[in-house]
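Student: for reference, the sequence and a predicted model appear below.
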Amino acid sequence: MSSLLLRICYGFGPPLHRQLFKWPFVLAAGKKDHIDLPVLNEEDLEEQFVRGSGPGGQATNKTSNCVVLKHLPTGIVVKCHQTRSVNNNRKLARDILREKLEVEYNGEESELLRRQRESMQRKQDKRRKVNENIEKKRRFKETLNAGGDFSIKSQEP
Amino acid sequence: MTSKKMWFLGRLMHRHKRLSQLSSFFRSASCAAEGAVAPPVDSSVTAEQAVRLWAQHFTLHGISEPLLSSQYIIAHVLGKKTFEGVDRRQLKDPLTDTQTVSVWNLCTKRLTSMPVQYVIEEWDFRDLTLKMKPPVFIPRPETEELVGLVLENLRLIRGESYGADLRCLEVGVGSGAISLSLLHSIPQLRVFALDQSQAAVCLTMENANRLGLQDRLEVQQLDVMGDSDALLSKCGPVHFLVSNPPYLLTQEMQSLQTEIVRFEDHAALDGGLDGLSVIRSILVLASELLIERGRVYLEVAQCHPPVIRQMIEETMPGLLYLETRCDLSNRPRFCIIQRRA
């Protein structure tokens, strides 16, 4: 069933890695193994903030802190609104861009893509095991119930 | 909504115990907030639907950033910081009764033009999440850049680990954003912070305790303009001074957003006729409190840097104007000043 889902996902819509994973992937907290991600050159970047045309500073209280980062050489655009801090959204946007550039530059050889596929495979295996366990327990319970009836009957005089 | 509909809804709500919590709130809120609506009584609403419904409602009532407000509030009720952080599938799930009551309560508050940060009682500042409470001033994104600038400058002067043993003074601590960010990034830093508002002092201490940073922070209620003697005796020499002081011109105060005028402490914003009244006091204090070559880092109004430079050159021989830096909107926003040797 899950492999059919995979085929459907690969066949329709954006590539699987873009659909199912949260970016950044490797640079997210908890993932320690190091991949060589491309270094960003600030001159290649064009950054936009939705701040409006107001006076700014203390005179303004707006909550829009989405960051849009464009990589001029490749045209890749990253939009980040994961936190409520402009500062952190800028950092995250750059992390995400570095990961997207790694995939862009390396294509099928991408280490990031390989890690994502592995991670997904591991999740699928885990899910399959959980379902198998549930099934095993269900069958065992049925056996118990059937066995229970027998033992009561055998106790009757 | 007509009064007939409101009456009918009120009666319906009476019969539904689960939402009775909200009905009493609704009765009082409907007087306070024009446009307050009751949640659907018999059916449930999904997160997605709630966002759309309230965005429409905010728009109808002229509330600024209607969609964003709605998204932040519902994301918060779902335990996430931003709408992007909510799982796409969870958006289509019906909200629980508790969640629905929360969303309706909070959105009704937003209808009064209460800033989102006060509605959800928290906001992020760089790596920290801080508690927000009216009327204590809400940190602005420009001030995140001020902290970045201070950290970068200190690394330049004192090395990548900020050197040994650092002390600073913050004037106008507000919710504690600047001090707590610096304490978080520099383990050996000790901060003396002041604010003329007791509410700000209390909120800063609350935030410090929540973040475990209270041991390296001392906060006192002091007015930099009136209590300078007390301040000098309580706070010893410091390596640097940082401040986002009230810097708006009094005449600007009249044209501010409703959110600001109605809910934020005006004393945290109003810098007097030229916007420099508090800044002037800070600079006088700096020449007495800073160690030699110690620095002042200020966030100011965009018209201020040249005026401050001139003021220092003409009237403050103990200080040297080093540099002006712009914010992300390319407005002159930050001043770096040094105490002469």
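Tutor: That came through, no problem. Source: prediction; values computed, not measured.

Student: can you list the residues of the stretch 1-150 of chain B near chain A?
Tutor: For the stretch 1-150 of chain B, the residues in contact with chain A (Cβ under 8 Å from any Cβ of the partner chain) are B:64-65, B:68-69, B:72, B:81-85, B:115-117, B:123-127, B:137-138, B:140-142, B:144-145, B:148. (C-beta placed from N, C-alpha, C; glycine too.)

Student: among those residues, which are in helices?
Tutor: B:68-69, B:72, B:116-117, B:141-142, B:144-145, B:148 (DSSP state H).

Student: adding neighbour count, write those residues out as CSV.
Tutor: Below are those laid out as CSV (neighbours: other Cβ atoms under 10 Å in any protein chain shown):
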residue, neighbour count
B:Leu68, 21
B:Ser69, 24
B:Tyr72, 25
B:Val116, 27
B:Gln117, 25
B:Pro141, 25
B:Glu142, 21
B:Glu144, 24
B:Glu145, 20
B:Gly148, 16
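
Student: max pairwise distance over the residues you listed: which two?
Tutor: By the measure Cβ to Cβ, B:Ser69 and B:Gly148 form the most distant pair in these, at 27.3 Å.

Student: in chain B, which spans are helices?
Tutor: Going by DSSP H, chain B shows helices at B:3-14, B:20-32, B:47-60, B:66-77, B:97-110, B:116-119, B:141-158, B:177-185, B:198-211, B:228-234, B:258-263, B:277-289, B:304-315.

Student: distance to A:Leu92 and mean pLDDT added to those helices, as a markdown table?
Tutor: Putting the helices of chain B into a markdown table (distance: least, Cβ to Cβ, whole Å; pLDDT from 0 to 100) gives the following:
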| stretch | distance to A:Leu92 | mean pLDDT |
| --- | --- | --- |
| helix B:3-14 | 43 | 58 |
| helix B:20-32 | 36 | 50 |
| helix B:47-60 | 23 | 97 |
| helix B:66-77 | 16 | 98 |
| helix B:97-110 | 26 | 96 |
| helix B:116-119 | 21 | 98 |
| helix B:141-158 | 14 | 97 |
| helix B:177-185 | 17 | 98 |
| helix B:198-211 | 21 | 98 |
| helix B:228-234 | 39 | 92 |
| helix B:258-263 | 27 | 97 |
| helix B:277-289 | 34 | 97 |
| helix B:304-315 | 31 | 98 |
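
Student: in stretch A:93-113, what's buried?
Tutor: A:93-103, A:110-113 (16 or more other Cβ atoms under 10 Å in any protein chain shown).

Student: near chain B, which residues of chain A? Just list them.
Tutor: So chain A meets chain B at A:47, A:49, A:51, A:55-65, A:81-88 (Cβ under 8 Å from any Cβ).

Student: which of those residues fall in helices?
Tutor: If you go by DSSP H, these have A:86-88 in helices.

Student: filter those residues down to the buried ones and hand me the ChimeraX line.
Tutor: If you want just the buried ones from these in ChimeraX, going by 16+ other Cβ under 10 Å, the selection is:
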select /A:86,87,88
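
Student: and the lengthiest strand in chain B, what other elements does it pack with?
Tutor: Scanning chain B for the strand with the most residues, using DSSP state E, yields strand B:290-299. With contacts taken as 3 or more Cβ pairs under 8 Å, 6 or more residues apart in numbering or on different chains; DSSP states H and E, strand B:290-299 sits against helix B:141-158, strand B:238-243, helix B:277-289, strand B:332-339.

Student: redo the ones in helices among the residues of the stretch 1-150 of chain B next to chain A as JSON lines? Include distance to B:Tyr297.
Tutor: As requested, those are exported to JSON lines (distance: Cβ to Cβ, whole Å):
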{"residue": "B:Leu68", "distance to B:Tyr297": "30"}
{"residue": "B:Ser69", "distance to B:Tyr297": "32"}
{"residue": "B:Tyr72", "distance to B:Tyr297": "30"}
{"residue": "B:Val116", "distance to B:Tyr297": "28"}
{"residue": "B:Gln117", "distance to B:Tyr297": "24"}
{"residue": "B:Pro141", "distance to B:Tyr297": "17"}
{"residue": "B:Glu142", "distance to B:Tyr297": "13"}
{"residue": "B:Glu144", "distance to B:Tyr297": "13"}
{"residue": "B:Glu145", "distance to B:Tyr297": "11"}
{"residue": "B:Gly148", "distance to B:Tyr297": "11"}
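
Student: ok, those residues vs A:Glu135, which is closest?
Tutor: B:Tyr72 (42.6 Å).

Student: ok, for the closest one, nearest residue in space, not its chain neighbours?
Tutor: Nearest in space to B:Tyr72, with sequence neighbours left out and distances taken as Cβ to Cβ, 6 or more residues apart in numbering or on different chains, is B:Val116 at 5.1 Å.

Student: likewise A:Pro24?
Tutor: A:Asp95 (4.2 Å).

Student: distance of that neighbour relative to B:Gln188?
Tutor: For A:Asp95, the distance to B:Gln188 (Cβ to Cβ, to the nearest Å) stands at 28 Å.

Student: tell me how far stretch B:149-168 lies from the chain's centre.
Tutor: 25 Å (Cα atoms, centre = their mean, to the nearest Å).

Student: what's the span of it from first residue to last?
Tutor: For stretch B:149-168, the first-to-last residue distance is 15 Å (Cα to Cα, to the nearest Å).

Student: cool, and stretch B:154-166?
Tutor: 10 Å.

Student: SS state for A:Asn106?
Tutor: helix (DSSP: H, G, I helix; E, B strand; the rest coil).

Student: contact partners for it?
Tutor: Counting by Cβ atoms under 8 Å, 6 or more residues apart in numbering or on different chains, A:Asn106 makes contact with A:112-113.
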